[in-house]
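> pasting a predicted model and its sequence here:
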Amino acid sequence: MTLLKLAIKNLLGAGLRTWLNVFVLSLSFVLIIFSQGLLEGMNQQAEEAMLAVEVGGGHFQHPVYDRYDPLTLTDAHGPVPAPLSALAASGRAAPILVVQGTIYPEGRLFTIQIKGVDPGQAVLDIPTSFLGQDTPGDEVPALIGERMAKLTGLATGDTFTMRWRDARGTFDARDAVVVQVMKTSVQTVDSGQIWVPLDRLREMTAMPGEATFVVLAQDAVPPPEAAGLDGWVFRDPDYFLADLRAMVESKSAGSSILYAIFLALAMLAIFDTQVLSIFHRRREMGTLMALGFTRTKLIGLFTLEGAFNGVLAALVGALYGIPILSWMARTGWALPGDTDSYGFAIGEKLFPSYSLALVAGTTLLVLVTTTVVSFIPTRRIAKLKPTDALRGRMT
Amino acid sequence: MTETTTAAATNGALIRTKDLKKIYPMGLHKIEALAGITLDFAKGEFAGLVGPSGSGKTTLLNIIGSLDAPSEGSAVVMGQAIESLTHKEAARLRNRHVGFIFQTFNLLPVYTVYENVEFALLLLGDPPAVRRRKVMAALDWVHLADRAKSKPAQLSGGQSQRVAIARAVVKEPDIVLADEPTANLDAENSHNILQTMERLNRDLGTTFIFATHDPKVMQYLRRKITLVDGRVASDEAQDGGRP
């Protein structure tokens, strides 16, 4: 208790030097939490967006379908198994039929995936209701994303030719009209894809009642993979989010270098102060020894003094960090123009997310690092002779 | 060695040194700072080690105060053989039985006068009420009760040394070791300080041992031990009366 009081007293007594260290350390604190929070927020937003727009509560897939292999699409379709049809009928699932095709906007050729979806579905957060509207001619109503629109130069109301192969392998083509350009942060329902009404696609491809996969509602309970599912495979949300999580992990590793630099800068200041402090306060150490301090107590005192920089930094960081970071979490951080290149499904604004684990983990990390860094220079005290210390000499 | 058995060996002397030697290696050579000192100090003495620079005064004081260990011979202080003390035991001896007064005052700059004096009691684990009473009494002895809240930087040299004296005596130690306590003070302050210490010696029975070559201090001593080249050249009793 005495050591604790003395350490605080000495630390506060050092005045500006202490507060400069504390400020630098608190900056590291806040910056680490902020940048980690950004990454966590980004991850959270991306997961939520993917779940809402693409993954739902998981997919039941045709046994042949491999989302990473477009060549499987030719055979990856079949009648929707009865339990899944029942779920779809009750609005708890949405069958999707996927066909490989090409489009020719303004005479250019693009290879795409044509996805048939029920315009009335409410499982995915995609504005499929636009697909239910009538078109002036016999064109197929098509819904595309902003990225696709940008790539192809298509806009709402534009007509283009769409070509595909039906169930028998016969090429067919029809005109389609863009009924809506949707805005979505999820690239995997946008780039290289055209959404059309499921019934029209089934009719165009001669695949009545068929689908490639069935998306379950997020709160739907998947039927057991037993009889009646014809070998359709269930992929849970984790399966789809694995790539995203791996990407976040790799980005976290990259960010860690930045945190290490923040922390190293702050620790350098602490280390420097400790070394200087031990060098300048030799006479004081001698006095303390003359008063009855043991070397162990001296090491404890100086280590505590250093470690308290971390505690003060946490308090100071909380003082200005909590209002700033909370404000950021509420209002979000407007992202610059082209964030697609980051590979994440993030919107125009990024909302940092600060979990208790993040704050507690960072605090613990900084406190432990500060204590270790504070302790290292104090090992010299272990060799200090009281008589040398009193003369202002280091043994 | 237990306190009782060693105390018996010292025949009641508070401090006893026997053939005490301190040798410092200096490259290929050795410097003999103490070359066989045999001395006894009884309770309540007001003694001084005098002699020129390099005669071994401070070295002897440091060994008596368990800040240093002898190379040869023995030094028994308060029944404890300094040469066989561990760091922890030496620290405990200093903490409980020895008060130090330094030439450069050595006050802790971030603490107030009160806190500087209180420090020794904190280490002893005295409760707050006892600490307060003792600190204020010690500050009264040195006439600095009104400066309790001042920082060392706000004090004059004489006042700083009086705080150092208060710090040394507040725990009522058996021995106070003062190394050139007046070296940084003018004549008037030196006499004030010495009178204060003489009064404490008389009132509390504390043993004072000085290391000094200041004639002002020598006038106050009741026993003057002259060291030359690490040996006792003379050991004489004095009046110790004020000049």
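Yes, it's here. Keep in mind that what you see is a predicted model, and the values were worked out from it rather than measured.
> ranges for the helices of chain B?
B:3-9, B:57-64, B:87-97, B:113-124, B:128-141, B:157-169, B:187-204, B:215-220 (DSSP state H).
> mind checking those for the one nearest to chain A?
Nearest to chain A, of all those, is helix B:87-97, at 2.5 Å by Cβ to the nearest Cβ. The C-beta positions use only the backbone N, C-alpha and C, and glycine is treated the same way.
> now that closest one against helix B:113-124, angle please.
130 degrees (axes from the mean of the first three to the mean of the last three Cα atoms, to 10 degrees).
> for helix B:87-97, packing partners?
helix A:282-291, helix A:295-331, helix B:113-124 (3 or more Cβ pairs under 8 Å, 6 or more residues apart in numbering or on different chains; DSSP states H and E).
> partners of A:G145 in the sheet?
Legend: beta-bridge partners of A:G145 under DSSP bridges are A:M182.
> so it touches A:V189, yeah?
Yes: the criterion here is Cβ atoms under 8 Å, and A:G145 meets it with A:V189 at 6.6 Å.
> one step back: in TSV, list the helices of chain B along with mean neighbour count, mean pLDDT and distance to A:Y65.
Shown next, in TSV, are these (neighbours: other Cβ atoms under 10 Å in any protein chain shown; pLDDT from 0 to 100; distance: least, Cβ to Cβ, whole Å):
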stretch	mean neighbour count	mean pLDDT	distance to A:Y65
helix B:3-9	13	43	89
helix B:57-64	25	95	87
helix B:87-97	19	93	75
helix B:113-124	23	92	76
helix B:128-141	17	93	78
helix B:157-169	25	92	85
helix B:187-204	17	87	97
helix B:215-220	18	91	101
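> how deep is the residue nearest to A:R163 when sequence neighbours are not counted tucked in, by neighbour count?
Leaving aside its sequence neighbours, A:R163 sits nearest to A:A173 (Cβ to Cβ, 6 or more residues apart in numbering or on different chains; 4.2 Å). Per other Cβ atoms under 10 Å in any protein chain shown, the neighbour tally for A:A173 reads 14.
> ok so, going back, mind giving me TSV with the helices of chain B and columns for distance to A:P63?
Formatted as TSV, the helices of chain B follow (distance: least, Cβ to Cβ, whole Å):
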stretch	distance to A:P63
helix B:3-9	90
helix B:57-64	89
helix B:87-97	76
helix B:113-124	78
helix B:128-141	80
helix B:157-169	88
helix B:187-204	99
helix B:215-220	104
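> Three-state assignment for the closest residue to chain B within the stretch 51-200 of chain A, please.
Here the residue of the stretch 51-200 of chain A nearest chain B is A:S185; by Cβ to the nearest Cβ that distance is 55.8 Å. At A:S185 the chain is in coil, as set by DSSP: H, G, I helix; E, B strand; the rest coil.
> tally of neighbours for it?
For A:S185, using other Cβ under 10 Å, the count is 22.
> might one say that it is in contact with A:E48?
No: using Cβ under 8 Å, A:S185 is not in contact with A:E48, being 9.8 Å away.
> just the local confidence number for the residue of the stretch 251-395 of chain A found nearest chain B, please.
Relative to chain B, the nearest point of the stretch 251-395 of chain A is A:G292 (2.5 Å; Cβ to the nearest Cβ). Note for A:G292: predicted pLDDT of 90.
> got phi/psi on the residue nearest to A:R163?
A:A173 adopts backbone torsions of phi -150, psi 150, taken as degrees, to the nearest 10.
> and the stretch 101-250 of chain A, which residues reach chain B?
Taking Cβ under 8 Å from any Cβ of the partner chain as the criterion, chain B has no neighbours within the stretch 101-250 of chain A.
> ignoring the adjacent residues along the chain, who's closest to B:T38?
Spatial nearest neighbour of B:T38, excluding adjacent residues (Cβ to Cβ, 6+ apart): B:K18 at 5.2 Å.
> wait, the one you found sits on B:E72?
No: the criterion here is Cβ under 8 Å, and B:K18 misses it with B:E72 at 10.1 Å.
> what's near enough to touch the nearest residue to B:L85 once chain neighbours are set aside?
Spatial nearest neighbour of B:L85, excluding adjacent residues (Cβ to Cβ, 6+ apart): B:S66 at 6.1 Å. Residues near B:S66 by Cβ atoms under 8 Å, 6 or more residues apart in numbering or on different chains: B:V77, B:Q80, B:I82, B:L85, B:A90, B:L93, B:R94, B:V98.
> quick one: work out the angle between the lengthiest helix in chain A and helix A:282-291.
Criterion DSSP H: the longest helix present in chain A is helix A:237-280. Inter-element angle recorded for helix A:237-280 and helix A:282-291: 80 degrees (by the same axes, to 10 degrees).
> so residue 178 bridges to which residues?
Because you didn't say which chain, this covers chain A. Counting by DSSP bridges, the residues bridging with A:V178 are A:A142.
> not what I meant, chain B
B:I101, B:F210.
> surely it touches B:T207?
No: the pair B:A178 and B:T207 fails to qualify as a contact (Cβ under 8 Å) at a distance of 11.1 Å.
> so which of the two has more stuff around it?
B:A178 (26 against 22).
> show me what contacts the more buried one?
B:F100, B:I101, B:A168, B:M197, B:F208, B:I209, B:F210, B:A211, B:T212.
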